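Visitor: the following comprises the amino acid sequence and a computationally predicted model.
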Amino acid sequence: MCKRQLVLEDGTVFTGNAFGSMDPSTADVIFNTSMTGYQEVLSDPSYNGSIVVMTYPAIGSYGINRDDFESITPFVKGMIVKEAIDEPSNFRSEESLDSYMKTHGIPGISGIDTRMLTRILREKGTMKGRIITEGDDQALAPTGEDLSDLLVRETSITKPYIVPGKGKRIVVIDLGMKQSILHELMERGCDVTVVPYDYTVEEVLATKPDGILLSNGPGNPVQIKRTIETIKSLLGQVPIFGIGIGHQLLGLACGASIAKLHVGNYGTNYPVKDLATDQTWLTTQSRHYYIEEASLENIEITITHRSLNDRTIEGIKHNDYPAFSVQFNPEGAPGSNETNFLFDQFIDLIEAHILQNGADHHA
Amino acid sequence: MPRNESIEKILVIGSGPIVIGQAAEFDYSGTQACHSLKEEGYTVILANSNPATIMTDHTVADKVYMEPLTVEFLSKIIRKEKPDALLPTLGGQTGLNLAIELDESGILEEYNVELLGSSLEAIQKAEDREKFRTLMEELNEPVPPSDIVNNVEDAVNFVNEIGYPIIVRPAFTLGGTGGGMCDNEEELRHIVKNGLALSPVNQCLIEKSIAGFKEVEYEVIRDKKDQAIVVCNMENIDPVGIHTGDSIVVAPSITLSDKEYQMLRRVSLKLIRALEIEGGCNVQLALDPHSFDYYIIEVNPRVSRSSALASKATGYPIAKIAAKIAVGLTLDEITNPLTETTYACFEPSLDYIVTKIPRFPFDKFKTGDRRLGTQMKATGEIMAIGRNFEESILKGIRSLEIGNGDFHLPYLTEVDEAELRKRLIKADDERIFVLAELLRRDMTIEAIHKDTKIDYFFLRKFKYIIDLENELIDQPFNEDGLKKGKQLGFSDQQLARMWNSSETEIYNKRMETNISPVYKMVDTCAASIESTAPYFYSTYEEENESTVSEREKVLVLGSGPIRIGQGIEFDYATVHSIFAIQEMGYEAIIMNNNPETVSTDFSISDKLYFEPLTLEDVMHVVELEKPKGVIVQFGGQTAINLAAGLEERGVKILGTSLDAIDRAEDRNRFEGLLEELGLSRPEGKAVSDKDLVIPTAEEIGFPVLVRPSYVIGGSQMEIVYDVEELTRYLAKTPVISEAKPLLVDEYITGVEVDIDAVSDGITTVVPGVMEHIERSGVHSGDSIAVYPPQRLSETIKQKCLDATNKIAQTLNVVGLINIQFIIQNDEVYVIEVNPRASRTIPFISKITGLTMANLATRCILGESLADKGFTTEILPECEQVYVKSPVFSFEKLRSVDTTLGPEMKSTGEAIGYDATLEKALYKGLIASGLSIPFEGSVLLTVADKDKEEAFEIAERFHELGFNLYATEGTAKYITERNVPVQIVAKIGSEHQNVLSVVTQGKVQFVINTLSSGKQPRSDGFMIRREAVEHGIISLTNLDTATAILNVIDSTTLSAAAIENKGVIRG
């Protein structure tokens, strides 16, 4: 079996067995603690620019099925596992993890001490890493912080599309939207228009939205300047709901600033407290950034959710305008969608807004 | 939310004696809960009749009542203590049932006692089948089609509608007692009849079988803010059809996609919210392997065996958290004790695979019905942790202490394929080994799947193990192969078998080539958060996380899975040894593999290695930690058996030397020892040639006691009365050799005495002498023990002490020693010496107040008894009388003979204490689960040798107003002596016969003694079994019968006509 290596920025080298694609890959190495849902993780566009280490050791046991993709094209840059299971067992399984990753050009390494790797990443923070074949040049090209919005450019769409429904008209600004978000909207009967991340205010408003959903997506939100500008203009005109990077963008649009976590939160067991109800929920997250609390002074924003463990901001709402957002993924997938009532709250917010302002723009 | 300020004093109900379906897990959860409540500042009153528990230590609760767990006694406790609240959800089914009964009795209302944890309504909704089904209907959650019946005919009619196969589940019974799967009407009638009799509410659930579905469990917790989380889910490798307690289980689930996982999670949380449970709850679900269809099987609104397993599997202490929730704290404010920086409101993330394998008692009950079904039969379980499935399950298999620590039972190679196939389908306790053997014989996994419905994922993994075995078999000592084998969990024994080598050779080769494991931490968070949890497991990987401290360390070996003869008592001793080590300033390290116990709670020791207890696994820990030495004397035979191998490899065994242990256990050396000390013992010989057994027995003179050497709990020990019986015994004894001789002893009748002592080699302290109610011949674990002794003179006690002291000094015992004596005509015979912890250690420690395991550990680590003010003495006797009463699980083990003999059969024990022997006995018997009738009828059927004695008993029963029934011979004997008795005919007779009076409930007691050796399926056997299955007291020992008579006598006022004194007035 071919030996492959993961070379970290700090010089640590892990050698394991190849699976998936044999392409080389360089990206941020992050770890994900969910015990199920590798298919969703693989296909979640938020993982663009990341090599994912799965901490659960047996990955691939139930195969890959046709239903659980979060996007048609995966963007993840690599997957590191303790054991890649070749022969899946589940009634829905269509192919193995290995075969899927080969088809989509995702390199993988199995058979390394993933707990050790996780420990290193936890202590030293996220690092760049490179997947190579044993014997290849280990030198990691010096890469500074990518200052472009390249990651989102890749994960967003280039042309809008419509998923028709009979309910509220929602425009999703796609920064790398997970399909499960669409499912949640469809379940609520929404008429959904998905638009590219760099759609202008005029283009968005031309679709006559009842509400705007800022989707999840990869990378550093600060660089997605055009979207921030769009949101600034939309604030107050149309109710807005942001998820993941959409939450960070809403914050930025309101004047908040963003900071990077030492270790990203990737997994399905992050407790988040809803400050209004004092209820704690288990949430799915895939994030490396957070809204800095200090930056909210003198801004018309209320903190609605906090991480139970590190107290960082997990949700905000605008004090004057119908706009709110959460850092986590209320749609789950993988993980629980026990906070999907937020989608209902979004619809309620839209209805309240319509009641207040009349439904004139539909005319 | 802050703790509940309206309450101050909480009564906690424990689960009582250990029975199948309710074992050490409740000591673990109960202990945690009590600590947790005390931590919050509450006064904790504990009621538990099981003296072998850590929970009943006076340090665990503020006040401990080791009284019978009945409404009567709990009411007394409530009246006396006036607790503000009652917490029943930590005492298993026993606790819940008592909560309901106490409520019904009105006492809770009368004393304004608040129920914590689950409401009565929730308990009933979950426990009462009808209410449960109604609830599921309301929630729109599917349950298999089922009906509740109160008689056999209704069952038959219902099944005619829904069709076979079906499952019968009696209501309110432990571990599914009395239930079973039926494929036809005959089976249905039999099982329902039995189930109705066992159900306290005379109710059975008849349910469409969904055998073959995946069985999945979720352990969930909810608080009063309605926050709810899943601690862990588990997937049974054995699909629905085998009780989850008897199934091999993996955690977390491994063949479920996120969609399936989340679907079942959602359902589980929906249920705990609907039941409004404040605490832990277990939800069992069945999932169709071919669709998203699922059924809810069961909900347990309390901590359980599964929650103990989930706690150990994840590190998340469910019982501790549940107790805090019960007093009002919420998940978001309770700290996660493993990380100390995060909160209990999260779902653990595992980066390893956990396997649980049940441990069955069929090594003891050879004739028992080994088939697995809906009724739990396992006495204990082991847990193993690995970084891949193969490693996890193979570590588990070698933790079982079955065979050679290998995925291979040698005898199966001789079994023909058809038989193996049959056993694969009709699952029994050895199915995993049968499966391995069939794979070795190239049976396809498709065929195995067809027979077992075990998921392909697991079957492929099993096959991979066998394939790798085949691949490596031709490359002995190939380094890569060795490494690969170890990474997949192959034991050194397995490799030794494959390569025709020895365990030591494999081990040495590994040391040469640096193939040894590292240790990973169990931290609830998959290394995502820094943690300080002292909880480790081994794996063959790169980074070792177990940092070795500078302190001096002592390693204590635990006792592994609970089985008959090696129960929770050893865990009790182990835990106290750990405490003593810590008190003395050493670092205490524990190795054990039993997820149910207190010793494997990571907060007990300085470091916990959750590992198999085999030589290689212990050596690896020793090599890493370099302890001062290893303590083996508290871990039962499991730890003792490791001592020789450890010493051979240069490990220091602390305390009594291995040589001393061998002198006590090796028959010839033992004889020599007693001779040297001038102590008497029953005449006996170790025979290593089968042909010499009968001549030896004749020479000693019948009856003789026969048994193999080196056994646990008197396994295969019998009293045989003649050559014929001995021949029968020999026929079923496989090997007699130089290495495994057969011991043949003279059988002496007399009072049996049990002594546990602590010695430092110079001074020997006996906290108390125990006397058995039953004369010699009944295994000490199955006898009723009494302290202080009632029939022994001071001289005899002194003789026993002298003998104990002599033996302890000569063997240079440092630590514990247990000696059993028989007293006959003022002569003291030594029958057994065990230089290690015995099963009576917790009992005697608790009643005398001397924590023997602690003191023994201090001796082991060099302290002197004299310095502590002890002399060689028996401590002054207490005023009260204490009784230890054995508890059996016969109703769960079909086809097991209930007769008492030298082979141990009990699974647990209860305590009774009071001012007089009779009162103490009464309480002990009640606590052990018997309800003693004070009127009714007695059936006697006894052997000729016992007739005279039995008559005295019959006469006394008659005097107390009981009716007598007896079989012909016995009846004749009684009638001849002018006591009225009804004759019952033999089994099979149409008239009132010996079996029908039992099955029809006409008698309340059965007194039956054995006529000749062990004849399975004899009439006597059937009577005894029927009695057990109908909940009738069956006494096979006349001493027990007399003791019960004394109890009845002392508490009954009989009606007697006044005698005509014939006074003549002048």
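Guide: In hand now; what should we look at?

Visitor: what about B:Gly645, how many neighbours?
Guide: B:Gly645 is flanked by 17 other residues according to other C-beta atoms under 10 Å in any protein chain shown. Just so you know, the C-beta spots here come from the backbone N, C-alpha and C atoms, and that holds for glycine as well.

Visitor: in what helix or strand does it lie?
Guide: helix B:636-648 (DSSP states H and E).

Visitor: next one: B:Ala853
Guide: helix B:852-860.

Visitor: could you list the low-pLDDT ranges of chain A?
Guide: A:1, A:140-147, A:359-363 (pLDDT under 70).

Visitor: ok, and the closest non-adjacent residue to B:Thr899?
Guide: Leaving out its chain neighbours, the residue that sits closest to B:Thr899 by C-beta to C-beta, 6 or more residues apart in numbering or on different chains is B:Thr1036, at 4.2 Å.

Visitor: show me what contacts the one you found?
Guide: B:Thr1036 makes contact with B:Thr898, B:Thr899, B:Leu900, B:Asn1008, B:Thr1009, B:Leu1010, B:Arg1024, according to C-beta atoms under 8 Å, 6 or more residues apart in numbering or on different chains.

Visitor: top of these by number of neighbours, please.
Guide: Counting by other C-beta under 10 Å, top hit in these: B:Asn1008 with 29 neighbours.

Visitor: wait, B:Leu1045 sits on B:Glu952?
Guide: No. The pair B:Leu1045 / B:Glu952 is not scored as a contact, 9.2 Å apart, by C-beta atoms under 8 Å.

Visitor: and the two? Which one has more around it.
Guide: Ranked by neighbour count (other C-beta under 10 Å), B:Leu1045 and B:Glu952 place B:Leu1045 first, with 20 against 14.

Visitor: now that one: phi and psi?
Guide: phi -60, psi -40 (degrees, to the nearest 10).

Visitor: helix or strand right after the helix or strand that contains B:Pro886?
Guide: Here B:Pro886, judged by DSSP H and E, is contained in strand B:881-887. For strand B:881-887, the following helix or strand on the C-terminal side (DSSP H and E) is strand B:908-914.

Visitor: give the buried residues for the following helix or strand past that following strand.
Guide: For strand B:908-914, the succeeding helix or strand toward the C-terminus, using DSSP H and E, is helix B:917-927. Buried positions in helix B:917-927, judged by neighbour count with 16 or more other C-beta atoms under 10 Å in any protein chain shown: B:Leu917, B:Glu918, B:Lys919, B:Ala920, B:Leu921, B:Tyr922, B:Lys923, B:Gly924, B:Leu925, B:Ile926, B:Ala927.

Visitor: helices and strands around helix B:917-927, which ones?
Guide: strand B:785-787, strand B:881-887, strand B:908-914, helix B:1038-1051 (3 or more C-beta pairs under 8 Å, 6 or more residues apart in numbering or on different chains; DSSP states H and E).

Visitor: quick one: which of the ones you listed is nearest chain A?
Guide: Taking C-beta to the nearest C-beta, strand B:908-914 is the member of these nearest to chain A, at 36.2 Å.

Visitor: pLDDT (mean, whole number) over that closest one?
Guide: Here strand B:908-914 scores 95 as its mean pLDDT.

Visitor: could you list the paired strands of it along with their orientation?
Guide: strand B:881-887 (antiparallel) (DSSP bridges).

Visitor: apart from its neighbours in sequence, what residue is nearest the residue in the stretch 801-950 of chain B that chain A sits nearest to?
Guide: Closest residue of the stretch 801-950 of chain B to chain A, C-beta to the nearest C-beta: B:Lys892 (33.4 Å). Closest residue in space to B:Lys892, ignoring its immediate chain neighbours: B:Ile20 at 4.5 Å, by C-beta to C-beta, 6+ apart.

Visitor: and A:His288, by the same measure?
Guide: Spatially, and ignoring its direct neighbours in sequence, A:His288 is nearest to A:Gly264 (4.0 Å; C-beta to C-beta, 6+ apart).

Visitor: the stretch 201-350 of chain A: strands as residue ranges?
Guide: Assigned by DSSP state E, counting those that start in this stretch, the strands in the stretch 201-350 of chain A fall at A:211-214, A:240-243, A:258-274, A:279-291, A:301-307, A:313-318, A:323-326.

Visitor: okay, those in a markdown table with distance to A:Cys2 and mean neighbour count next?
Guide: Formatted as a markdown table, the strands of the stretch 201-350 of chain A follow (distance: least, C-beta to C-beta, whole Å; neighbours: other C-beta atoms under 10 Å in any protein chain shown):
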| stretch | distance to A:Cys2 | mean neighbour count |
| --- | --- | --- |
| strand A:211-214 | 42 | 28 |
| strand A:240-243 | 39 | 28 |
| strand A:258-274 | 27 | 21 |
| strand A:279-291 | 30 | 25 |
| strand A:301-307 | 41 | 20 |
| strand A:313-318 | 42 | 25 |
| strand A:323-326 | 43 | 26 |
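
Visitor: closest to A:Ile350 out of the ones you listed?
Guide: strand A:211-214 (4.4 Å; C-beta to C-beta).

Visitor: kindly report the residues of the stretch 101-250 of chain A close to chain B.
Guide: A:Ile112, A:Asp113, A:Thr114, A:Arg115, A:Met116, A:Thr118, A:Arg119, A:Arg122, A:Glu123 (C-beta under 8 Å from any C-beta of the partner chain).

Visitor: among these, name the ones in helices.
Guide: A:Thr114, A:Arg115, A:Met116, A:Thr118, A:Arg119, A:Arg122, A:Glu123 (DSSP state H).

Visitor: next up, the contacts around the third one.
Guide: By C-beta under 8 Å, 6+ apart, A:Met116 lies in contact with A:Phe14, B:Glu541, B:Glu542, B:Glu543.

Visitor: gap between the spatially most central residue of chain A and A:Thr73?
Guide: In chain A, the centroid-proximal residue (C-alpha atoms, centre = their mean) is A:Ser46; its distance is 3.5 Å. As judged by C-beta to C-beta, to the nearest Å, A:Ser46 and A:Thr73 stand 13 Å apart.

Visitor: ok, now B:Glu676?
Guide: Counting by C-beta to C-beta - B:Glu676 and A:Thr73 are separated by 85 Å.

Visitor: quick one: stretch A:323-333 near chain B?
Guide: Yes. Using C-beta under 8 Å from any C-beta, stretch A:323-333 reaches chain B at A:Gly332, A:Ala333.
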